[in-house]
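Chemist: predicted model and sequence follow; I will ask about them next.
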Amino acid sequence: MTSQPTRRELYERARRRRSAVIATVSTIVVVGALVILVPMTPGWDRVRQAFFDGDVFVESFPRLLRAFWLDVKILVWSTPLIVVVSLVLALARNTRSPALFPVRAFAIVYIDVLRGIPVILLVFLIGFGVPALRLSDSRAWANPLIWGTVTLVLSYSAYTAEIIRAGIDSVHESQRAAARSLGMTNRQTMATVILPQAFRRIGPPMMNTFVSLQKDVALVSLIGPVEILRQAGIDKAKYANFTPYVAASLIFLALTIPCTRLADYAMARQRQRTGATTIA
Amino acid sequence: MSEMTDRALPNSERRLKLQLRGVMKAFGTTAVLDGIDLDVAEGDVITLIGASGSGKSTLLRCINLLEPVDDGQVLLDGVDIAEPGLDPDPVRRRIGMVFQSFNLFPHMSVTDNVAIGPRKVLGVPKATARANGLEMLTRLGLADRADAYPDQLSGGQQQRVAIARSLTMNPDVMLLDEITSALDPELVGEVLDVVRGLKRDGMTMLIATHEMAFAREISDRVCFLHRGRILEEGTPTEIFGAPREPRTQEFLQRVIDAGRF
């Protein structure tokens, strides 16, 4: 009796087999069509030469990778700063104390303005504008790397603040009541009960923003620093070929795809740990 | 204030823990509490019964200062805690509250749920707080679930953890707000057993409930609330045996008709 499959098992087995066949056939058809049809386009030969030149790729790749190190450094610097600034902004926006009204008003204006301006414009405005104020003669003051990073922090913390605020608001009021009824202060409630739950919930949108940031780091190149996008531009001019851009794209993907997968995995584990069941 | 205490003294030889004097609370233009007077002596178990919206939950929330009282006094050991502008945190420390929907912290293990109050509010070191918490959980028969997370527990277990969380703060008074209303019928018993244990230990309790049989069994006094007033107050025998007010009779009849008593 034990080896006898149930009616349900038989049905699911048949369905799985059917799904596998359909998936295989449709993949072959689509990939086959691409492989056959794309090379048939009139411009394909020129595109292949201009974008997929093996020699250019091999020569350019190590240089791009070295330049990418600068992107990584900007990213590593700006990420924690963004988290801190956006958390302060989110808390400031939610504050109810009348004494802190100016802080709240500032946070609202800050978020509205900085979310409303394209990052690329901010890079120009801050990257060229602030050093031109000549508030200091030190070399650091004129360093575009610093102002590029500052721009990213300013812009992204406005977005992230709104995500954090939504996370805070999504924690049910009854959690606050439970914490306060134990005698916790407002601040203790926020730190030990509300924020930990908020941060768990905003994992996906935060990760989304982080991936976005990984790419927008390249915008810093507009005000000078030779990071990967600028290096790709230099190499493009040198070889009169677009392959370095393709190589740069691959390098970005090598960072962004594992990041999203890692976040998915972490989130799934979190659910498994604290939740009783998941619906298939 | 002393005048208040003096007036109340003949009522009971025990010390008065909590006195409500003309407590008023409105949401917008709707009066939810319309002049509540109530004396609670140390060790008293008082149940609040009445239809939904009669003000039971609001009354408990006002005592715990989760809702600000509009007018009137709430005296805890003779000190008015309903005074506007008073810092509520030290007061809440002394008043335990258990909610209908448990409200456990889902991101903490059961032990951490129980230990977090003493750790954060009373400054008890983490190891001590966890050890005390585990002791409390053992008392309530939850030792084997100490490392679980709230979502992994049954409703009855969650509510017992919530009671344990309040008890570790060593409160003077416990407020129980319909703590069995969200439970499956077969899980109600284990939670009520815990409340019976608290009564044996002499805990002062105010209980809002729809469990009439339980109210009759455990109460020293029963208050029937109607439209934000205590319409009738008496011993369980008086209220359930021979209610004087027509409204009380009507309410109890409805409960009986619904097969809930």
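Modeler: Looks like it arrived, so ask away.

Chemist: pLDDT weak spots in the stretch 1-150 of chain B?
Modeler: Applying pLDDT under 70 to the stretch 1-150 of chain B flags the ranges B:1-13.

Chemist: look up the closest residue to residue 70, ignoring the ones flanking it.
Modeler: Went with chain A since none was named. In space, and not counting its chain neighbours, A:Leu70 is closest to A:Glu227: 4.2 Å by CB to CB, 6 or more residues apart in numbering or on different chains. No exception for glycine: its C-beta is placed from N, CA and C like everyone else's.

Chemist: nope, chain B
Modeler: In space, B:Asp70 is closest to B:Met24, 4.7 Å off (CB to CB, 6+ apart).

Chemist: which residues touch the helix or strand containing that neighbour?
Modeler: Using DSSP states H and E, B:Met24 maps to strand B:16-27. For strand B:16-27, contacts defined as CB atoms under 8 Å, 6 or more residues apart in numbering or on different chains pick out B:4-5, B:8-9, B:31-42, B:44, B:55, B:58-59, B:62-63, B:67, B:69-78, B:82, B:172-173, B:204, B:206, B:228.

Chemist: among those residues, name the ones in strands.
Modeler: B:31-41, B:71-76, B:173, B:204, B:206 (DSSP state E).

Chemist: buried among the residues you listed? Make that a PyMOL selection.
Modeler: To isolate the buried members of the ones in strands among the contacts of strand B:16-27 in PyMOL, using 16 or more other CB atoms under 10 Å in any protein chain shown:
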select buried, chain B and resi 31+32+33+34+36+38+39+40+41+72+73+74+75+76+173+204+206
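
Chemist: what does the stretch 101-250 of chain B put close to chain A?
Modeler: Contact residues, the stretch 101-250 of chain B versus chain A (CB under 8 Å from any CB of the partner chain): B:101, B:103-107, B:116-117, B:120-121, B:149, B:151-152, B:162, B:165-166, B:169.

Chemist: would A:Trp69 count as being in a helix?
Modeler: Yes: judged by DSSP: H, G, I helix; E, B strand; the rest coil, A:Trp69 forms part of a helix.

Chemist: which pLDDT value belongs to it?
Modeler: A:Trp69 carries a pLDDT value of 93.

Chemist: isn't A:Thr185 right up against B:Asp89?
Modeler: Yes: taking contacts as CB atoms under 8 Å, A:Thr185 lies within contact range of B:Asp89: 5.5 Å.

Chemist: where in the stretch 1-150 of chain A is pLDDT low?
Modeler: Scanning the stretch 1-150 of chain A for pLDDT under 70 picks out A:1-2.

Chemist: make it 50
Modeler: Of all residues in the stretch 1-150 of chain A, none has pLDDT under 50.

Chemist: what pairs with B:Ala31 across the strands?
Modeler: B:Ala26 (DSSP bridges).

Chemist: wait, what's in contact with it?
Modeler: B:Ala31 neighbours (CB under 8 Å, 6+ apart): B:Met24, B:Lys25, B:Arg227, B:Gly228.

Chemist: need the contact list for the residue lying closest to the second one once chain neighbours are set aside.
Modeler: The one in question is B:Lys25. Excluding the flanking residues, the one nearest B:Lys25 by CB to CB, 6+ apart is B:Leu33, at 4.0 Å. Contact partners of B:Leu33, counting by CB under 8 Å, 6+ apart, are B:Val23, B:Met24, B:Lys25, B:Gly55, B:Thr58, B:Leu59, B:Cys62, B:Val69, B:Gly228.

Chemist: where's the first one relative to chain A, distance?
Modeler: Read it as B:Val23. 18 Å (CB to the nearest CB, to the nearest Å).

Chemist: and for that residue, the neighbour number?
Modeler: 24 (other CB atoms under 10 Å in any protein chain shown).

Chemist: over to the fifth one?
Modeler: Neighbourhood size, B:Thr58 [other CB under 10 Å]: 23.

Chemist: cool, the last one as well?
Modeler: B:Gly228 is flanked by 23 other residues according to other CB under 10 Å.

Chemist: for it, what are phi and psi?
Modeler: The phi/psi pair for B:Gly228 (degrees, to the nearest 10) reads phi 80, psi 10.

Chemist: just give the nearest non-adjacent residue to it, would you?
Modeler: Nearest in space to B:Gly228, with sequence neighbours left out and distances taken as CB to CB, 6+ apart, is B:Asp34 at 3.7 Å.

Chemist: isn't that neighbour up against B:Leu225?
Modeler: No: counting by CB under 8 Å, B:Asp34 stays clear of B:Leu225, with 10.0 Å between them.

Chemist: what segments of the stretch 151-280 of chain A are helices?
Modeler: Ranges of helices within the stretch 151-280 of chain A are A:173-181, A:186-189, A:195-201, A:203-216, A:228-239, A:243-274, based on DSSP state H, counting those that start in this stretch.

Chemist: ok, which of these comes nearest A:Met40?
Modeler: helix A:243-274 (21.0 Å; CB to CB).

Chemist: please point out which parts of the closest one sit buried.
Modeler: Neighbour-count burial for helix A:243-274 [16+ other CB under 10 Å]: A:Thr243, A:Pro244, A:Tyr245, A:Val246, A:Ala247, A:Ala248, A:Ile251, A:Phe252, A:Ala263, A:Thr274.
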